[in-house]
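1. Curious how this folds, go ahead:
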Amino acid sequence: VDAAYAWSEENAPLQRKAQIIQQHYRGDDPLKKKIASVFLESFLFYSGFWLPMYFSSRGKLTNTADLIRLIIRDEAVHGYYIGYKYQKNLEKISQARREELKSFA
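-> The predicted model follows:
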């Protein structure tokens, strides 16, 4: 478990993803916050759980991996819900703004 934790803390690409998401998640634009939230709930969590899941595939940390699978399932629901709210907001904005957000994402 300590190795998996250390890996996530010391993994430069993972930490960079977290910094980018955090920057926009704490920003002022509500639609960009929703994009950042979906990224947080999806690819950042999946990236962070890669090593424990890898260990699980090798017969190690199997109980931890079972818990992580439950967390991943829960986070998928969060990401889906925020994504749905984002899509509903897209209906209310101009095409130019939509393109801007698409480029941002």
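2. hey, where'd the helices end up in this structure?
-> Secondary structure of the chain (DSSP state H): helices located at 2-10, 12-25, 30-39, 45-48, 50-57, 62-90, 95-104.
3. and those, which is most packed in?
-> With neighbours taken as mean count of other CB atoms under 10 Å, those reach their highest mean count in helix 30-39, at a mean of 19. (Each C-beta comes from the backbone N, C-alpha and C, glycine too.)
4. which strands and helices sit next to it?
-> Counting contacts by 3 or more CB pairs under 8 Å, 6 or more residues apart in numbering; DSSP states H and E, helix 30-39 packs against helix 12-25, helix 62-90, helix 95-104.
5. Can you flag the weakest of these by average pLDDT?
-> Here the lowest mean pLDDT among these goes to helix 12-25, at a mean of 84.
6. Also compute the angle for it relative to helix 2-10, please.
-> Note on geometry: by axes from the mean of the first three to the mean of the last three CA atoms, to 10 degrees, helix 12-25 and helix 2-10 are set 60 degrees apart in direction.
7. Show me how far helix 12-25 is from its chain's centre.
-> 10 Å (CA atoms, centre = their mean, to the nearest Å).
8. If I take it and helix 50-57, what angle do their directions form?
-> 130 degrees.
9. and the angle from helix 12-25 to helix 95-104?
-> Relative orientation of helix 12-25 with respect to helix 95-104: 160 degrees, computed using the same axes, to 10 degrees.
10. Now do helix 12-25: everything it contacts.
-> By CB atoms under 8 Å, 6 or more residues apart in numbering, the residues outside helix 12-25 that reach it are 8-9, 32-33, 35-37, 39-40, 43-44, 47-48.
11. For these, which two are the farthest from each other?
-> Of all pairs drawn from the contacts of helix 12-25, the one with the longest distance (CB to CB) is Glu9 and Lys32, at 26.5 Å.
12. For Arg58, give its distance to Pro52.
-> According to CB to CB, to the nearest Å, Arg58 and Pro52 sit 11 Å apart.
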